[in-house]
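Novice: Have a look at this fold, sequence not included:
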C-alpha cells in the first residue's frame, strides 16, 4: 500500500492506494481525489511538490520525484454557491475555477507591469536622451544598455508566458463568462507586450543612430 499525504490550507489528508506503487498512480487520479475531498472545482486543483507545480494529469506520481509518505501541497479555492451563481454563465463550479485561474494569472501580470514598465519606460527615455552614438550590440554593452536589455527580456518573457497560460485555458463552448474573461486577459497581455516592444524598437533605433539622436 502506498500513502500520499496532501496538505490544503490547514487541512491534511492521507490518501491510501492499496496494491499500487507511485508508478501506478496518475496525477489526474490524485487530483480527482483532492477535488472530492475539498470540493474545490477540479480545474482549480493545483498540486505542488518540492516547490514545482505538477501539470501532466497522465503522468505517474513517480516521475515528479515524489517519495512514499511525501507531502504534497494543494492550492485551490472552494467557491461559495453565491460566487458560483454570480460569476458564471450557468452556475458551473468548473467554469468558476477557470475564471479564477485567469483572473489570478492576469493580476500577477498586471502587478509585474505596474512595478517594472514605468521604470523601464523612464530608463528608455533617459538612454535615448543621453545617446552617445552607435552601439555595437555584438560586443560588450554599456551598463545602461545592458540594463535595458535585461529589463526588456524580463518583461517580454513574463508577458509571453502569460499569453501561453491564457491560451492553455480550455473553456467549454457554453462557458461564456470564462471565454470572455480569457479574451480580455489575452488582449491585456498582448497590449502590454506591444508597449514594451515599441519601447525596445526605439532603443534599437537609437543604437543605430549617430550621437545626439533623440528618437521619435
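Specialist: Arrived safely. It should be emphasised that the depicted structure is a prediction, and the values quoted were computed from it without experimental measurement.

Novice: quick one: contacts of stretch 48-63?
Specialist: Stretch 48-63 is contacted from outside by 4, 21-28, 30-31, 46-47, 64-66, 70, 72-75, using C-beta atoms under 8 Å, 6 or more residues apart in numbering. The C-beta positions use only the backbone N, C-alpha and C, and glycine is treated the same way.

Novice: Only the buried members of those residues: can you turn that into a PyMOL selection?
Specialist: Restricted to buried positions by 16 or more other C-beta atoms under 10 Å, the PyMOL selection for these reads:
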select buried, resi 4+22+25+27+30+31+46+47+64+66+72+73+74
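
Novice: Return the subset of the contacts of stretch 48-63 lying in strands.
Specialist: Residues of these located in strands (DSSP state E): 4, 46-47, 72-75.

Novice: Now tabulate the residues you listed in JSON lines and tack on pLDDT.
Specialist: Output for the ones in strands among the contacts of stretch 48-63, formatted as JSON lines (pLDDT from 0 to 100):
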{"residue": "4", "pLDDT": "94"}
{"residue": "46", "pLDDT": "92"}
{"residue": "47", "pLDDT": "96"}
{"residue": "72", "pLDDT": "96"}
{"residue": "73", "pLDDT": "96"}
{"residue": "74", "pLDDT": "96"}
{"residue": "75", "pLDDT": "93"}
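
Novice: can you map out the helices along this protein?
Specialist: Along the chain, the segments classed as helices by DSSP state H run 27-38, 81-87, 93-129, 143-167, 176-208.

Novice: Which secondary structure elements does the last one sit against?
Specialist: Meaning helix 176-208. Using 3 or more C-beta pairs under 8 Å, 6 or more residues apart in numbering; DSSP states H and E, the elements in contact with helix 176-208 are helix 93-129, helix 143-167.

Novice: quick one: buried residues of the shortest one?
Specialist: Using 16+ other C-beta under 10 Å as the test for burial, helix 143-167 gives 145, 148, 151-152, 155, 158-159, 162-163, 165-166.

Novice: Let me know whether residue 76 touches residue 45 as I believe.
Specialist: Yes: counting by C-beta atoms under 8 Å, residue 76 does reach residue 45; the two are 4.9 Å apart.

Novice: quick one on the thing from earlier: lowest mean pLDDT across the helices of the chain, which one is that?
Specialist: Among the helices of the chain, helix 81-87 has the lowest mean pLDDT, at a mean of 88.

Novice: Can you give the contact residues for that one?
Specialist: Helix 81-87 has contacts (C-beta under 8 Å, 6+ apart) with 91-93, 96, 99, 177.

Novice: which residues does residue 13 bridge with?
Specialist: Following DSSP bridges, residue 13 is listed with bridge partners residue 6.

Novice: I'd assumed residue 3 was in contact with it.
Specialist: No: contact status for residue 13 versus residue 3: not in contact, 10.4 Å apart, counting by C-beta under 8 Å.

Novice: higher neighbour count, the two?
Specialist: Between residue 13 and residue 3, residue 13 has the larger neighbour count (other C-beta atoms under 10 Å), namely 15 against 11.

Novice: what's the neighbour count on residue 58?
Specialist: Count around residue 58 with other C-beta under 10 Å applied: 7.

Novice: cool, the one 10 residues further on as well?
Specialist: As a burial measure, the neighbour count of residue 68 was computed by other C-beta under 10 Å and equals 11.
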